[in-house]
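Colleague: I'll drop the sequence and a predicted model, then ask my questions.
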Amino acid sequence: MHTDSSLAQQIDALAHELYAPDAPGAALIAVRDGETILRRGYGMAQLELGVAIEPEMVFRIGSITKQFTAVAILMLAGQGRLALNDPITRFLPDYPMGDARITVEHLLTHTSGIRSYTDMPEWLPLWRKDFTLTELIGLFKNEPMRFAPGTRWAYNNSGYILLGAMIEAVSGVSYESFLQQHIFDPLGMRHSCYDNTLRIVSGRVAGYEKEPDGYRNAEYLSMTQPHAAGALAS
């Protein structure tokens, strides 16, 4: 059996192989039996200024956002303010379901059959546009269903946008405010937030894309778009 020290050394060696010191990197934590055995940064947080990654820096977490959205929905369900078998039109009365019955659970489990807007070719040129939540839902709500709800599984960003809209409709506050007030603040998650690009976020890491001859700054994406499907940083 590995000792904590030898295991940490092996993980550290692997991370050094994966992340060159002069290239975009990652922050890594390894926890064993509740004890942190390794916590450090690898590679660069900011290439243009030559800033190395430190473990407490803030990264976009992408679709890990969905876990927080699901927890928020379950919190509201636990308070009796919604039920997982409720039709989504209970909270989003203008959403066109046709003959289908789409429930909250279908959205949570990627089984709704709704078209995922990130699969739509017409979405790609719109990355820089700031959307209201209503405008974002309008991008996909009239698209044909891919399958009958509950009959198949297909990864779906649109479903989590709708869950974010439900959180706002039920709670009366924005998705960002709900998570801040009910998850981040109570748990002392001081380095987690909705990633508003205009706000000064201490320690926020830059994003990069790999090219054949090196790296370039990542394409700009308005963070109004991933919303409850992928807009958090931590």
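Modeller: Happy to help now that I have it. On a predicted model such as this, the values are computed, not experimentally measured, just so you know.
Colleague: quick one, what contacts the nearest residue to residue 69 once chain neighbours are set aside?
Modeller: Excluding the flanking residues, the one nearest residue 69 by Cβ to Cβ, 6 or more residues apart in numbering is residue 228, at 4.4 Å. Bear in mind the C-beta positions are built from the backbone N, C-alpha and C, glycine included. Residues near residue 228 by Cβ atoms under 8 Å, 6 or more residues apart in numbering: 65, 66, 69, 160, 161, 163, 164, 165, 167, 175.
Colleague: this structure: helices as residue ranges?
Modeller: Ranges of helices within the chain are 4-18, 65-78, 104-108, 133-140, 157-171, 175-179, 227-230, based on DSSP state H.
Colleague: for the first one, which outside residues touch it?
Modeller: Under the criterion Cβ under 8 Å, 6+ apart, residues 2, 26, 28, 30, 32, 35, 37, 38, 40, 42 lie in contact with helix 4-18.
Colleague: the residue lying closest to residue 100 once chain neighbours are set aside - how many residues pack around it?
Modeller: Excluding the flanking residues, the one nearest residue 100 by Cβ to Cβ, 6+ apart is residue 149, at 5.3 Å. Neighbour count of residue 149, defined by other Cβ atoms under 10 Å: 20.
Colleague: same question, the one 5 residues further on
Modeller: For residue 154, the neighbour count with other Cβ under 10 Å is 15.
Colleague: hang on, isn't it packed against residue 110?
Modeller: Yes. Between residue 154 and residue 110 there is a contact under Cβ atoms under 8 Å: 6.2 Å.
Colleague: thanks a lot, see you next time.
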